[in-house]
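Enquirer: This is the structure alone, sequence omitted:
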């Protein structure tokens, strides 16, 4: 069991009741954060909050404030579809331009509450104010006269004001008098560390998911529902698809859109990869072997004008017994695979089995077993080298 950590600081309303909690990145029990990669910190906070610890244990029925980097705002990184529960904090050091404003407007239209963090008003930032629901003002960043001036200006807009870093009774009373709506700071509570346990991968759940993906009767609607039932899986699917690997002309924002853009088999292939990458008690090199074999089989299938998805699955599943610690026959009894694919995995028989046997031999450098009547040495070498490159890129996003 791996420890996971998240910082949590309450935000109160004017009646002294908890309105929300700000969730903060932590890498241990130390109540501080040394963040060198903002994207990574935001991703870890979201994954820990949504899956490892859970949003309900962290915030109950309240909202969760989460800091966003520019990449998340612009859609380079995906966000969970939980706009009714998450307040997106726009950090003070993010460059404000037309692209950012358009992205914030889009997030707002999707139901997210938008908060501006550590905000210092300037006339050129009024378009940002117009898009915000909540503005957080750092009391330590300005004197009392400047604070009053900023509050008067901001109260002309339809925003709620949150006093941040309230450190004593006098500051609290001043902010109440000025009309602040929410309050956060050491006067009320310091951030506390919530520690959870990240459980080892549930291999039975993974097998069940693979079984559903392998069902030849699966259609686009079924696949979409299957992915959307798992928040973490949805998040990882969108993050992978929107990575530089796919080089898409436009961002994919939903699982439904992913099905339409990529097609059923490509998305099934991706979810198979993501499912197997959840297995954490095995060497990463084993997953790399699965990726290389899958991709090489797929490339050779194209040369032979065969079903690329089925051949990819054969290569990917060729190490399933090692990943799952079960005999291959036992595993295949639980998976509704087509007969040619099962025969290929069990006996290396049939056209698919011949290619799989050849790929496994190439991967193991067992040169005497590398024989196929329709595939020459140059074709095999090119497929193998391409598979290594592809697997390296894929692993960097998957792991």
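Expert: Received, thanks. Just so we're clear, the structure is a prediction, and the values are computed from it rather than from any experiment.

Enquirer: which residue ranges form the strands in the chain?
Expert: For the chain, applying DSSP state E gives strands covering 2-13, 18-25, 63-68, 86-90, 113-116, 134-138, 160-164, 182-184, 192-198.

Enquirer: hang on, residue 176 packs against residue 16?
Expert: No: here residue 176 lies out of contact with residue 16, judged by C-beta atoms under 8 Å, at a distance of 10.4 Å. In short, each C-beta sits where N, CA and C put it, glycine included.

Enquirer: Of the two, which one has the most company?
Expert: Legend: neighbour count by other C-beta atoms under 10 Å for residue 176 and residue 16, higher for residue 176 (12 against 9).

Enquirer: so how far is residue 143 from that one?
Expert: 18 Å (C-beta to C-beta, to the nearest Å).

Enquirer: can you list the weak-confidence ranges in the protein?
Expert: 1-5, 25-55, 75-83, 191-204, 243-249, 281, 397-399 (pLDDT under 70).

Enquirer: about what we covered before: possible to save the strands of the chain as JSON lines with mean neighbour count and distance to residue 99?
Expert: Compiled in JSON lines, those are given as follows (neighbours: other C-beta atoms under 10 Å; distance: least, C-beta to C-beta, whole Å):
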{"stretch": "strand 2-13", "mean neighbour count": "19", "distance to residue 99": "29"}
{"stretch": "strand 18-25", "mean neighbour count": "23", "distance to residue 99": "25"}
{"stretch": "strand 63-68", "mean neighbour count": "22", "distance to residue 99": "14"}
{"stretch": "strand 86-90", "mean neighbour count": "23", "distance to residue 99": "13"}
{"stretch": "strand 113-116", "mean neighbour count": "24", "distance to residue 99": "16"}
{"stretch": "strand 134-138", "mean neighbour count": "22", "distance to residue 99": "21"}
{"stretch": "strand 160-164", "mean neighbour count": "23", "distance to residue 99": "26"}
{"stretch": "strand 182-184", "mean neighbour count": "22", "distance to residue 99": "29"}
{"stretch": "strand 192-198", "mean neighbour count": "14", "distance to residue 99": "35"}
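
Enquirer: Mind splitting the protein into its structural domains?
Expert: Residue ranges for the domains of the chain, per automatic domain parsing: 2-196, 203-398.

Enquirer: which ones are touching residue 73?
Expert: 88, 90, 94, 100, 103, 104, 107 (C-beta atoms under 8 Å, 6 or more residues apart in numbering).

Enquirer: farthest-separated two in those residues?
Expert: The two members of the contacts of residue 73 with the most space between them (C-beta to C-beta) are 94 and 107, at 13.2 Å.

Enquirer: From residue 300, how far off is residue 354?
Expert: 10 Å.

Enquirer: Which one's more surrounded, these two?
Expert: It is residue 300, of residue 354 and residue 300, that has more neighbours when counted by other C-beta under 10 Å, with 27 against 19.

Enquirer: Distance check, the more buried one against residue 308.
Expert: 9 Å.

Enquirer: Surely residue 157 is in contact with residue 130?
Expert: Yes: look at residue 157 against residue 130 with C-beta under 8 Å: they come within range, at 6.6 Å.

Enquirer: List the beta-bridge partners for the nearest residue to residue 119 once chain neighbours are set aside.
Expert: By the measure of C-beta to C-beta, 6 or more residues apart in numbering, the closest residue to residue 119 outside its immediate chain neighbours is residue 135, 5.0 Å from it. Judged by DSSP bridges, the bridge partners of residue 135 are residue 116, residue 161.

Enquirer: who's in contact with residue 135?
Expert: 115, 116, 119, 129, 154, 159, 160, 161, 162.

Enquirer: what about 7 Å?
Expert: By C-beta atoms under 7 Å, 6 or more residues apart in numbering, residue 135 lies in contact with 116, 119, 129, 154, 159, 161, 162.

Enquirer: Need the max-distance pair from those residues.
Expert: 129 and 162 (13.7 Å).

Enquirer: how far away is residue 316 from residue 8?
Expert: The value you get for residue 316 to residue 8, if C-beta to C-beta is used, is 39 Å.

Enquirer: Repeat that for residue 283.
Expert: 35 Å.

Enquirer: got the contact list for the lengthiest helix in the chain?
Expert: Longest helix of the chain, by residue count under DSSP state H: helix 377-398. Applying C-beta under 7 Å, 6+ apart, the external contacts of helix 377-398 come out as 240, 243, 245, 273-274, 277, 287-288, 291-292, 295-296, 299-300, 303, 362, 370.

Enquirer: at 6 Å what do you get?
Expert: Helix 377-398 is contacted by residues 240, 243, 245, 277, 288, 291-292, 295-296, 299-300, 303, 362 when judged by C-beta atoms under 6 Å, 6 or more residues apart in numbering.

Enquirer: What about the residues you listed, which one has the most neighbours?
Expert: Result: residue 296 is most packed of those (other C-beta under 10 Å), 30 neighbours.

Enquirer: The closest residue to it other than its chain neighbours: neighbour count?
Expert: Excluding the flanking residues, the one nearest residue 296 by C-beta to C-beta, 6+ apart is residue 387, at 4.0 Å. Using other C-beta under 10 Å, the number of residues around residue 387 comes to 24.

Enquirer: Give me the distance between residue 387 and residue 294.
Expert: The value you get for residue 387 to residue 294, if C-beta to C-beta is used, is 8 Å.

Enquirer: That concludes my questions; thank you for your assistance.
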